[in-house]
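A.B. asks: sequence first, then the predicted structure:
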Amino acid sequence: MKSGARRSAWRRGTAVVCGTAAIAAITLTAQPATATGAPEADSMSGAFTDAAAEYDVPRDLLVAVGYGETHLDGHDGKPSQDNGYGVMHLVSNPERDSLGRAAKITGESRADLKRDTRANIRGGAAVLRAHADALGLDASARDDVAKWYPAVARYGGVKNERLAKFYADSAYEILAEGVRGGADVRTRARDVRPDRGDYADVPAIGTQSPDYPPAAWVPANAGNYAAGRSAAISQVVVHVTQGSYAGTISWFQNPEAEVSAHYVVRSADGEITQMVRDADTAWHARSANASALGIEHEGFVDDPSWFTDAMYRSSAALTKHLCDTHGIPKDRAHIVGHSEVPGNDHTDPGPNWNWDTYMAYVNG
């Protein structure tokens, strides 16, 4: 069946079934029925199954990549901060065009790849397979999920080898733990030891932060912030990335971004990366740039699943340190959301951010 027919069928609610032989080509995890009893082919889970079979990509690895990018939330076709779209975060910006690559391979329109979940997942599978082909993975290697590591590293679209390794490691961590969230999609936990290939000897991301030792130091591009400050530091601004941790770090290293923040906090475990020195001016809050320290938190404002206790605790410890170091009062007049800064049109951190919990940790 043509991709357009599959896509339309999902919209209409018509069951679509992949060929048994195609499904047998890869190792799949058995999926439970959805809460409404809809057939798998009429669901996001079915879209992953179909796309994995069509492009001979390990289905659960495809899910893990998507979950790491978006928690399997397409955000109604709205772009991330680096102009990525859909569940699989297909990107279109001056440095990277996985959206265009997906359109060329699949024949799907860019508009459908942005807004249609089935088309977007199919596009993600096509791009991941293209990376595998470029790396020379034959049919036998494609049957071994561990061999896909370099292809996953390339899917992240980052030029920094350390960050690419971090991106792939994160996807394989999700694969190992299994996915139990996001629409109707489930994967089982598994023991997987990725074959890192040339990435095996790549050092871990960053060095130690010069201003906050628990954090890693990965400098933003010099064109995305200003050296020095024109005002004393007097507040901390809380942001949400509208994208993934690795993607945000990569974007702040991209000279096309013209934005940055001092720190980025990971959702899963609260890992922190510093990208701009405290004494320099990150471009994150317009009127407050000169006097503020900006902390970006991995996730999307409309999805509370990103705001984990580990993230709250880690970020709060950082904020407490910054307030103590720079003499900032630890109250809501001086620890503010991006949306609360005058002259800004952003909505982050949004209604799902728990300020009571966060401030209790800051002052705990």
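C.D. replies: Arrived safely, thanks for sending. Residues are numbered from 1 along each chain as shown.

A.B. asks: number of residues surrounding the nearest residue to Asp331 once chain neighbours are set aside?
C.D. replies: Setting aside the residues directly before and after it, Asp331 is nearest to Met359 in space (Cβ to Cβ, 6 or more residues apart in numbering), at 7.9 Å. Yep, even glycine has a C-beta here, placed from its N, CA and C like the rest. By other Cβ atoms under 10 Å, 17 other residues sit near Met359.

A.B. asks: relative to Ser244, how far out is Ser315?
C.D. replies: Separation of Ser315 from Ser244 (Cβ to Cβ, to the nearest Å): 16 Å.

A.B. asks: typo on my end, Ala282
C.D. replies: Ala282 is 19 Å from Ser244, by Cβ to Cβ.

A.B. asks: mind listing what Gly294 touches?
C.D. replies: Contacts for Gly294 (Cβ atoms under 8 Å, 6 or more residues apart in numbering) come out as Val236, Val237, His239, Ser260, Ala261, His262, Tyr263, Ala282, His284, Ala285.

A.B. asks: may I have stretch 146-162 as CSV, with CA atoms only?
C.D. replies: Listed next in CSV are the C-alpha coordinates belonging to stretch 146-162 (Å, rounded to 0.1, in the frame of the first residue of the first chain):
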residue,chain,number,x,y,z
ALA,A,146,23.6,-2.8,18.9
LYS,A,147,25.1,-2.1,15.4
TRP,A,148,22.9,0.9,14.9
TYR,A,149,24.7,3.0,17.4
PRO,A,150,26.7,5.2,14.8
ALA,A,151,23.5,5.7,12.8
VAL,A,152,21.7,6.9,15.9
ALA,A,153,24.6,9.2,16.7
ARG,A,154,24.2,10.7,13.2
TYR,A,155,20.4,11.0,13.5
GLY,A,156,21.0,13.6,16.2
GLY,A,157,22.5,15.9,13.6
VAL,A,158,25.3,17.3,15.8
LYS,A,159,28.8,17.9,14.6
ASN,A,160,30.4,17.7,18.0
GLU,A,161,31.5,14.0,18.4
ARG,A,162,31.2,14.1,22.2
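
A.B. asks: report the buried residues of it.
C.D. replies: 147-158, 160, 162 (16 or more other Cβ atoms under 10 Å).

A.B. asks: now those residues as TSV including distance to Gly270?
C.D. replies: Below are the buried residues of stretch 146-162 laid out as TSV (distance: Cβ to Cβ, whole Å):
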residue	distance to Gly270
Lys147	31
Trp148	28
Tyr149	25
Pro150	28
Ala151	28
Val152	23
Ala153	23
Arg154	27
Tyr155	25
Gly156	21
Gly157	24
Val158	21
Asn160	22
Arg162	19
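
A.B. asks: strands - which of the residues you listed land there?
C.D. replies: Judged by DSSP state E, strands contain none of those.
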